[in-house]
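# below are the sequence and a predicted model; questions follow.
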Amino acid sequence: MLKSKTFLKKTRAGGVMKIVREHYLRDDIGCGASGCAACGGAHEGPVLELQPLDRASSLCPQPHYLLPDTNVLLHQIDVLEDPAIRNVIVLQTVLQEVRNRSAPVYKRIRDMTNNQEKHFYTFTNEHHRETYVEQLQGENSNDRNDRAIRVAAKWYNEHLKDMSAENQLQVIFITNDRKNKEKAIEEGIPAFTCEEYIKSLTANPELIDRLACLSEEGNEIESGKTIFSEHLPLSKLQQGIKSGTYLQGTFRASRENYLEATVWVHGDDEDNKEIILQGLKNLNRAIHEDIVAVELLPKHQWVAPSSVVLQDEGQNEDDIEKEEERERTLKTAVNEKMLKPTGRVVGIIKRNWRPYCGMLSKSDIKESRRHLFTPADKRIPRIRIETRQASTLEGRRIIVAVDGWPRNSRYPNGHFVKNLGEVGDKETETEVLLLEHDVPHQAFSQAVLSFLPKMPWSITEKDMKNREDLRHLCVCSVDPPGCTDIDDALHCRELENGNLEVGVHIADVSHFIRPGNALDQESARRGTTVYLCEKRIDMVPELLSSNLCSLRSNVDRLAFSCIWEMTHNAEILKTRFTKSVINSKASLTYAEAQMRIDSAAMNDNITTSLRGLNKLAKILKKRRIEKGALTLSSPEVRFHMDSETHDPIDLQTKELRETNSMVEEFMLLANISVAKKIHEEFSEHALLRKHPAPPPSNYEILVKAAKSKNLEIKTDTAKALADSLDQADSPIFPYLNTLLRILATRCMMQAVYFCSGMDNDFHHYGLASPIYTHFTSPIRRYADIIVHRLLAVAIGADCTYPELTDKHKLADLCKNLNFRHKMAQYAQRASVAFHTQLFFKSKGIVSEEAYILFVRKNAIVVLIPKYGLEGTVFFEEKDKPKPRLIYDDEIPSLKIEDTVFHIFDKVKVKIMLDSSNLQHQKIRMSLVEPQIPGISVSADSSNMDINEPERKKKKLQK
């Protein structure tokens, strides 16, 4: 049956166009109930159970299915995901509305409808003859959709009555809309609010904790005192932004100071790119990453960024007076130059809330159901939740979602989502780390795995099309020990004309991952492989990453090769690219390769090839550095694990060998060669990587620090910086140069992916290269897969597809890749930090030499070279007399009593694990030398109880 609408539309040219919209209605859409004779198996996929006996509801004792409306799906998704909730009918009307309003919730619903055990059934009510409704005259689309949902619920109840008169199966309509509920009851449809229904499930009381508290008024604090000013409505914000009264930007909370934040203003206005907000009232309930509207304060109210470190440590209290006192500590006398544009939040344009991991701070009131939740991320405020299981959740990592933030509440309101496990447990902490950094880490779905090649796999004649056979070449790979995802291999041989042929062979991942399929989409979403200390979160399934794409030795593998003809002086004469088949003759570690190069007794083909590569790499590196490429430093650590407990038993900084540099040089060369080629062919849509030059202000700290040690660092160009770093040597302080390079690294901007048609600055500052891309690691970076596809089209080895040549789609892809890469970096650092804590937990208290990296107003930040570990030594402690501190930002220096500290000064610190705050267990550092009375501690004695929670726990168990 066909419904059609016809209407006339006026075109731009002034003509009239007739438009006909057709809507097909069908009789063969199944109801989803298994065993329904009337529908006769018309449904596919997961179906509703015939006997849904899993929920004992006091409101509705007989067997029933649930039919939620749009708002229930949008706001109570955490409840619906609970295993206790099954047999739910999701209407097409509801699904379409959710899809338009929230992509993340839509994906979660899709996952549930695909999960056989949940028995969620999608009913296509908009195309079913008996449930389709047309919009009435004067009826808005919202009311029409509400009516469509009620019509479907009514039809279901009548349909099920016919199917099982003796079974009394019912469909219960769940809605939080009062009017809609009243209308449903009038029409004879059993209807309840989500809260009424969940509270009636007597066998699952824990579900109540997962309810989102939606009525902000009903959940306000008893005091009723208004703390924050009202948020302006969106229409007023948009007018204000248009007129320039307000500025729109991204709210970035500070990790170090909960009363301070910055707003990164969107747009090209250079003057007010970054606005400072200070004080609770000016932050006005914005949460990290929200898109906000800010109003600039008059100049006499501008402030300077605070150097004070402040954590929100109040227990369950709403002590605003105390907050105001703390805010006054931020305002210190500063010179005019340091004042920055300052503002206040006037409204929220878009909330960017996500589920947060953290721990419960249990209320001091014994019977209380209200507790504060402290997120693991210090940039997120504490959240007030209601829970009946506080005693079981204490000392555990949990997930909480934010529901709202009323004007008279010091903290936002939220609800409990999930219990992750015991705090400090390795599995639990890894899960927290991945969730907090938004690293997709679920197992690959069946849909994704279905696109993998069937085993046993072998190279066919079809695979050899447009491919060169290079299996005769003496190719080998050089990687870290234990590496199974081998992306790259190399060869070097002398040609008959006396020149050298050098090849970089990269795993041909794009042969296995075809554009647009589920495997490709999932790889694009993940963006990168994430390497944690004991775990690898793969971007592509293991069959590809550790087997079919990994260039292991003595097996045939498909590759994409970049081959140069060079002189012995590393001058490139010819470059060519080809898809190939290779057979690696050896998979070596950096140490094994170094040993072969150094050993006079070894002269086989592999060793000769390695020596040739090493000789050329040294020339290439020298040339690169002459051009102004930077050699920066960051203290990287390596853990030695206990083979049984998998706990770290030793911690040392990584040793870099010549062979590390050898492989790096050829990877850089391949990346630059490929970047030039794809940009020649696709000037508008090449995926490239750039590293912007830092603004001069970034270098202030480096220049001042060097000056305090009587050294001059020039920063006008990368070459000037590289040269002055090379000359900044001190015979009496050999580690100074490394410290300067570590500090220089902190001044750098982030390197980013971009689409060539959307930008005109391609320069890579750190490598001093006019153009650069990523080609050499397609197993672990999705950017490289796109670059492989572009290069394959450029050399005629593969065909193109629409998204590959759409610069806007590529720009969106780059945005996701940049985000994923940044998050992967942060997750890796967090994993190192956690394993460092485990190491010091078993090691106990140690004293080590350290160097000052930064001086703050009330602390120094130090680096301990032996462990590559950074930490803060605080000089103001609670319940201790405050020392006399004088902070000078110009030098920079910090004077404590009569001792002055400058950047790069050598000190001795005591390191221990501070477990007094289970949520944020941290490495605690105290000053041992120089000795300052009342501040320094002795190297062997402990000045605090590092196992305080253990005592607390024992008390609780008594």
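Now that the structure is in, tell me what you want to look at.
# run through who's touching the host helix or strand of Val793.
If you go by DSSP states H and E, Val793 is part of helix 782-794. Applying C-beta atoms under 8 Å, 6 or more residues apart in numbering, the contact partners of helix 782-794 are 506, 508-510, 513, 515, 523-524, 526-528, 539, 560, 577, 579, 674, 677-678, 680-682, 685-687, 689, 753, 773-778, 798-800, 804, 810, 813-814, 817. Quick note: C-beta positions are derived from backbone N, CA and C, even for glycine.
# with stretch 800-814 instead?
515-516, 524, 682, 684-685, 687, 752-755, 757-758, 783, 786, 789-790, 793.
# can you rerun that using 7 Å?
Contact with stretch 800-814 is made by 515, 524, 684-685, 687, 753-755, 757-758, 789-790, 793, as judged by C-beta atoms under 7 Å, 6 or more residues apart in numbering.
# kindly report the same for stretch 516-524.
Contacts of stretch 516-524 (C-beta under 7 Å, 6+ apart): 444, 447-448, 451, 513-514, 539-540, 782, 785, 813.
# how far is it from where the chain is centred?
19 Å (C-alpha atoms, centre = their mean, to the nearest Å).
# got the buried residues for that stretch?
Within stretch 516-524, the residues that qualify as buried are 519-520, 522-524, counting by 16 or more other C-beta atoms under 10 Å.
# again with stretch 544-563
544-553, 557-563.
# sorry, back to before: name the nearest of the buried residues of stretch 516-524 relative to Gly628.
Ala524 (34.4 Å; C-beta to C-beta).
# follow-up on the earlier one: of the contacts of stretch 516-524, buried ones?
The buried subset of the contacts of stretch 516-524 - by 16+ other C-beta under 10 Å - is 444, 448, 451, 513, 539-540, 782, 785, 813.
# low-scoring stretches of the stretch 551-700 of the chain, by residue?
Residues of the stretch 551-700 of the chain that meet the criterion pLDDT under 70 lie in 633-656.
# before we move on, back to that, distance to Arg285 added to the contacts of stretch 800-814, as TSV?
As requested, the contacts of stretch 800-814 are exported to TSV (distance: C-beta to C-beta, whole Å):
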residue	distance to Arg285
Pro515	44
Ala524	35
Glu684	43
His685	42
Leu687	39
Tyr753	34
Phe754	35
Cys755	37
Gly757	40
Met758	35
Arg789	45
Leu790	45
Val793	50
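# show me how to select, in ChimeraX, the buried members of these.
Applying 16+ other C-beta under 10 Å to the contacts of stretch 800-814, the buried members can be selected in ChimeraX as follows:
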select :515,524,685,687,753,754,755,757,789,790,793
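# for this structure, name the helix or strand with the lowest mean pLDDT.
Least confident helix or strand, the chain: helix 948-957 with a mean of 38, by mean pLDDT, DSSP states H and E.
# how about stretch 834-844 as CSV, C-alpha atoms only?
Output in CSV follows, covering the C-alpha atoms of stretch 834-844 (Å, rounded to 0.1, in the frame of the first residue of the first chain):
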residue,chain,number,x,y,z
PHE,A,834,50.5,3.6,37.5
HIS,A,835,53.3,1.0,37.0
THR,A,836,55.7,3.5,38.7
GLN,A,837,53.4,3.5,41.7
LEU,A,838,53.4,-0.3,41.8
PHE,A,839,57.2,-0.3,41.6
PHE,A,840,57.5,2.2,44.6
LYS,A,841,54.8,0.3,46.5
SER,A,842,57.1,-2.8,46.6
LYS,A,843,60.4,-0.8,46.7
GLY,A,844,59.5,1.3,49.8
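# ok, the closest residue to Ala203 other than its chain neighbours to Ile198 distance?
Leaving aside its sequence neighbours, Ala203 sits nearest to Ala56 (C-beta to C-beta, 6 or more residues apart in numbering; 4.9 Å). Computed as C-beta to C-beta, to the nearest Å, the Ala56 to Ile198 distance reads 13 Å.
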